[in-house]
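Chemist: next comes the sequence, and after it the predicted model I'd like to discuss.
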2 protein chains.
Amino acid sequence: MVDDAARNLRRERRRRRTGEAGSETSRRPDYRSLKNPFLPQPIFSADQVAAIHDTALRVLEQLGAKVLLPEARAILARAGALVDKDSQMVRIGRDIVSAALASAPKSIRVHAGDRARDLTLELGSMAFLAGSGAPNVTDLEHGRRPGTLAAFEDLIRLVQHFDVLHMLGPCIEPQDVDNRFRHYAVNRAQLTLSDKLPFVFARGTPQVEDGFEMLRLARGLSEVEFRSGAHCYTVINTNSPRQLDVPMAQGIIDFARAGQVLIITPFCLAGAMAPITVAGALTLQHAEALAGLTLAQIVRPGAPVVYGSFSSNVDMKSGAPAFGTPEHVKATLGAGQLARFTGLPWRSGGGSAANISDAQAAHETQFALWGSVLAGATVCIHAAGWLEGGLSVSFEKLITDIEALQTIAELCVATPGDEAAIGFEAIAEVQPGGHFFSAGHTMARYRTAFYEPLVADWSNFGNWTQAGSRTATERATGIWKRLLADFRPPACAAATSGVLDEFIARRTEEGGAAPVS
Amino acid sequence: MVDDAARNLRRERRRRRTGEAGSETSRRPDYRSLKNPFLPQPIFSADQVAAIHDTALRVLEQLGAKVLLPEARAILARAGALVDKDSQMVRIGRDIVSAALASAPKSIRVHAGDRARDLTLELGSMAFLAGSGAPNVTDLEHGRRPGTLAAFEDLIRLVQHFDVLHMLGPCIEPQDVDNRFRHYAVNRAQLTLSDKLPFVFARGTPQVEDGFEMLRLARGLSEVEFRSGAHCYTVINTNSPRQLDVPMAQGIIDFARAGQVLIITPFCLAGAMAPITVAGALTLQHAEALAGLTLAQIVRPGAPVVYGSFSSNVDMKSGAPAFGTPEHVKATLGAGQLARFTGLPWRSGGGSAANISDAQAAHETQFALWGSVLAGATVCIHAAGWLEGGLSVSFEKLITDIEALQTIAELCVATPGDEAAIGFEAIAEVQPGGHFFSAGHTMARYRTAFYEPLVADWSNFGNWTQAGSRTATERATGIWKRLLADFRPPACAAATSGVLDEFIARRTEEGGAAPVS
């Protein structure tokens, strides 16, 4: 019956197209700026949230954190923190933290290469990023292998293509480039292939300064213009429990001074590097995030900082990290409560511990995703393509996960509920036994009514079998290959290659910049 | 570092086990009675919900529905509905519908074969069912094939095993049994292999009466005892748009008279058998559900009825039904608002249009699942194993989907947020550079802290590769085979086979009962 009706529909469409030439419009959804439509879901009472916050302050005040960078200890000491030189432990009073929370901006406007790609990071807005930081890359054509620059560039191309991925990220580590020059290649790829907000690694001041300079060259910004707005971001990971290492502390100082975005993320795996309870892991996470953002605010009050959360659990039998688990979802929901307590924009983490793009990978990734959405995360990192708990990024999983992100983006669009949408006349028009395929109400809307899938195949079993019985993951290979074949970088981005290459040639001649550890 | 820590943990555990013999306890989560912890998510304003309800009443009052069963038309006419004999159209006034909504129970206690399996169906409670009604069955060992009784029995065994599946369902159609005797085999399997609430098909009074009699025999209930409580359920599908066929109308009458549960579900595919808008599809769905439950309430005021929703969309290019789409999620969220408007327990539908248990299938199923959870559905049918939009049930997908349902069930459990959970002392105990694996806080909780996965494999890529590089779907085969090999039916269920077989032998000799169409 549905098949008959579909034939009617096609006939009807052909008829109308002929009659109304030029009236055909296609669906062009706008995923560039998402507002989260879901009510945040709490797991703790307001009192419990206050108690976690208070305990985190007590952790910083009474126990302190180990800060490995002398300059960072000196900055904290000048603000009144108590430093023990021998142990490198810094105890930060709650008044210092409170002052930092008061000066941190609640809304951060970030500038991309194209004004239409600018974002506002604040509670209520929602941005997605592909999986980041993986040493390996995998796809069905070439298998799993150490990350290469070519694969990194292809991933940037794919991220650029999909509007639902809002910022760039260091998807994989291009291990085929010497680490004194790797940051040039990574920054060049981001700036010449994409007009989205780039990521700059915090691997020591020399690399950071190189990154800032490339950004100024690519965007045509003076030093003053650059520092007066946020043009890039970095992720700062604390070494849980309670330790801030040298490059991370330096990154906080360098990015805060330059007014660039710091996402300060403790990576608290409950039962391993954090207490086994969700509340305990979040208490440690909160303390470490507050320590990092306090350092940033002391360096430059008003420095753009994003509260970071990435707490999940480990398998207590093997110690293996797990993602998309009930505990991961709960930790994310609780982190959302803590972030709202501070009022700051915040990031969550998606992901999966699966080794291949299969049903486990999809389920885990989607649970992590819903955790982020229902927790009201501003930025969800690792939302697409992340496998093995971050040890690889998959080209195919990137595509199948983007379908999930686009579905969430569609849910951000308001659902018409007015008289025309309710459609009494349409219901009256179609008699029992009839169908709505050619109703006027349908014909006026069919071109744009429904989400059009990226990789989902809704054909029946017979047609699907005839087409090769391919899984979504197998179909995804064809999709990313086609997108790469058709890819054209934004003109404004491509135009920056000359000035960047000149800079890179000079810096390469000078010996580049080794990462600081 | 995590690996070292894991070794420490294992050593510590062995040490403690030796010291405290008998203190080892394992995790025994209780998934039998779930309360939905999530705030319902609206897509319409309160005014829009009222307008949809009002328009649905207008549809029934002014346009009416075609009711093919003369007895049903007569019952509705006696209650004041206007019947046109030639067209079989019945127009039902809003006063009649309002009276039905007033008499329908807001909470339904259903009795299974074991008191511990009884359920309360009401707003706020949450029950999951496996995929139902599929003509075909599929698994990796035998491939896709028409449903058989042996496969049906195996699916009942698997459903019985998992507490997170709360009711039985007609997962697949056992096409190898003649349809005059099929209902005996289906009912026998449910009653002898499981102590969960059984399903009885509404395929005409003779089959329904056979089903009720088998239930009375199995449960040892008198006719009066049977009718005074709800011991089984059926699903009534309207023929959208606006038609109620003979067996479905008869089912409403028979189940209402017997006081057994009616789940009245229009299957409204937006753009095909319902208006193309979510609001329009829900208006039609609401009108049809109200028509069905009104008939039930006229037959027996207080008859247990569950408001049914299963609205999704079709692909407007091919007419193919789609599930787990943004429109499906939105329709479910809107249906939840309409159900809460009526105050009745209600059902939603999960599912996927994928042809195989892959990433598409997992993503679609989980989107549909989250739609149900966030809409506050009392009963979510097709929540596990459903493929091809209901044309097949997969043994492997049943397993991988149950992992998702168990994850949701874990999210129903409150997260401790008290001082002990926050664990300041645990944080104080572990120094920077240390780990929590052997902290007292961890040791006191590690046995029961985290969900233990059913099919997810969190081992690293090397170990996973060495173990055969199997996908979750491939691993699921081993799981269902092991569960079937180990299956023992509940003693109370197995004990009913004698009396049931006697009944079946007699009725078979009498020629059985053909389905009514």
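Modeler: Sure thing, it's come through. Keep in mind that this is a model prediction, so the values were computed, not measured. Numbers count the residues shown, from 1 in each chain, chains lettered A, B, ... in the order given.

Chemist: averaged pLDDT, stretch A:145-159. What do you get?
Modeler: Stretch A:145-159 shows an average pLDDT of 98 in the prediction.

Chemist: likewise stretch A:241-253?
Modeler: Averaged over stretch A:241-253, pLDDT sits at 98.

Chemist: and stretch A:38-48, by the same measure?
Modeler: Taken as a whole, stretch A:38-48 carries a mean pLDDT of 98.

Chemist: stretch A:219-234 too?
Modeler: The model assigns stretch A:219-234 a mean pLDDT of 98.

Chemist: now do the same end-to-end measure for that stretch.
Modeler: Criterion C-alpha to C-alpha, to the nearest Å; first-to-last residue distance in stretch A:219-234 is 18 Å.

Chemist: for that stretch, which positions count as buried?
Modeler: Using 16 or more other C-beta atoms under 10 Å in any protein chain shown as the burial criterion, the residues of stretch A:219-234 that qualify are A:219, A:221, A:226-227, A:230-234. Yep, even glycine has a C-beta here, placed from its N, CA and C like the rest.

Chemist: in chain A, where is pLDDT below threshold?
Modeler: Across chain A, the ranges flagged by pLDDT under 70 are A:1-25.

Chemist: try 80 this time
Modeler: Along chain A, the model assigns pLDDT under 80 to residues A:1-26.

Chemist: so is the longest helix anywhere in it next to chain B?
Modeler: Secondary structure of chain A per DSSP state H: the longest helix is helix A:278-299. Yes. Interface with chain B: helix A:278-299 contributes A:278-280, A:283-284, A:287 (C-beta under 8 Å from any C-beta of the partner chain).

Chemist: got phi/psi on the residue of the stretch 51-200 of chain A found nearest chain B?
Modeler: Going by C-beta to the nearest C-beta, chain B is nearest to A:Lys66 of the stretch 51-200 of chain A, at 3.8 Å. The phi/psi pair for A:Lys66 (degrees, to the nearest 10) reads phi -90, psi 120.

Chemist: burial count for it?
Modeler: Neighbours of A:Lys66 under the rule other C-beta atoms under 10 Å in any protein chain shown: 19.

Chemist: same question, the one 3 residues further on
Modeler: Counted by other C-beta under 10 Å, the residues lying close to A:Leu69 total 21.

Chemist: any chance of the residues of helix A:278-299 next to chain B in CSV, plus neighbour count and distance to A:His441?
Modeler: Below are the residues of helix A:278-299 next to chain B laid out as CSV (neighbours: other C-beta atoms under 10 Å in any protein chain shown; distance: C-beta to C-beta, whole Å):
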residue, neighbour count, distance to A:His441
A:Val278, 32, 48
A:Ala279, 27, 51
A:Gly280, 31, 55
A:Thr283, 30, 54
A:Leu284, 29, 56
A:Ala287, 31, 57
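
Chemist: so for the residue of the stretch 51-200 of chain A closest to chain B, what's the nearest residue that isn't a sequence neighbour?
Modeler: Leaving aside its sequence neighbours, A:Lys66 sits nearest to B:Pro432 (C-beta to C-beta, 6 or more residues apart in numbering or on different chains; 3.8 Å).

Chemist: neighbours of that neighbour, how many?
Modeler: Neighbours of B:Pro432 (other C-beta under 10 Å): 20.

Chemist: also A:Ser497?
Modeler: For A:Ser497, the neighbour count with other C-beta under 10 Å is 16.

Chemist: ok, it - contacts?
Modeler: Taking C-beta atoms under 8 Å, 6 or more residues apart in numbering or on different chains, we find A:Ser497 in contact with A:188, A:192.

Chemist: returning to that earlier point: quick check: the residue nearest to A:Lys66 vs A:Glu225, distance?
Modeler: The spacing between B:Pro432 and A:Glu225, counted by C-beta to C-beta, to the nearest Å, is 39 Å.

Chemist: A:Ser33 now?
Modeler: Going from A:Ser33 to A:Glu225 by C-beta to C-beta gives 24 Å.

Chemist: A:Phe487 now?
Modeler: In this view, A:Phe487 and A:Glu225 are 30 Å apart by C-beta to C-beta.

Chemist: just A:Ser107 next, same as before
Modeler: 20 Å.

Chemist: and if you look at A:Ala339?
Modeler: As judged by C-beta to C-beta, A:Ala339 and A:Glu225 stand 30 Å apart.

Chemist: same thing with A:Arg180?
Modeler: For A:Arg180, the distance to A:Glu225 equals 29 Å [C-beta to C-beta].

Chemist: now do A:Gly93
Modeler: 36 Å.

Chemist: coming back round to it: the following helix or strand past the longest helix of chain A pairs with which strands?
Modeler: Going down the chain from helix A:278-299, the next helix or strand is strand A:305-308, by DSSP states H and E. When pairing is defined by DSSP bridges, strand A:305-308 lines up against strand A:261-266 (parallel), strand A:346-349 (parallel).

Chemist: reformat those strands as TSV; add mean neighbour count.
Modeler: Supplementary listing: the strands paired with strand A:305-308 in TSV, determined by neighbours: other C-beta atoms under 10 Å in any protein chain shown:
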stretch	mean neighbour count
strand A:261-266	27
strand A:346-349	29
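
Chemist: what residues sit buried inside stretch A:57-73?
Modeler: Buried-residue list, stretch A:57-73, by 16+ other C-beta under 10 Å: A:57-61, A:63-69, A:72-73.

Chemist: tell me the one of those nearest B:Phe461?
Modeler: Nearest to B:Phe461 among the buried residues of stretch A:57-73 is A:Leu68, at 31.1 Å by C-beta to C-beta.

Chemist: the closest one contacts A:Asp245, doesn't it?
Modeler: Yes. Contact criterion C-beta atoms under 8 Å: A:Leu68 and A:Asp245 qualify, at 5.1 Å.

Chemist: am I right that the residue nearest to A:Lys66 is in contact with A:Leu244?
Modeler: No. Look at B:Pro432 against A:Leu244 with C-beta under 8 Å: they stay out of range, at 9.1 Å.

Chemist: need the overlap of contacts for those two.
Modeler: Common contact partners of B:Pro432 and A:Leu244 (C-beta under 8 Å, 6+ apart): A:65-66.

Chemist: can you count the residues close to the one residue in the stretch 201-350 of chain A that gets nearest to chain B?
Modeler: Using C-beta to the nearest C-beta, the single residue of the stretch 201-350 of chain A nearest to chain B is A:Gly319, 2.5 Å away. Neighbour count for A:Gly319, taken as other C-beta under 10 Å: 23.

Chemist: that one belongs to a strand, doesn't it?
Modeler: No. According to DSSP: H, G, I helix; E, B strand; the rest coil, the state of A:Gly319 is coil, so it is not within a strand.

Chemist: quick one: it and B:Phe436 touch, right?
Modeler: No. Judged on C-beta under 8 Å, A:Gly319 makes no contact with B:Phe436 at a distance of 11.1 Å.
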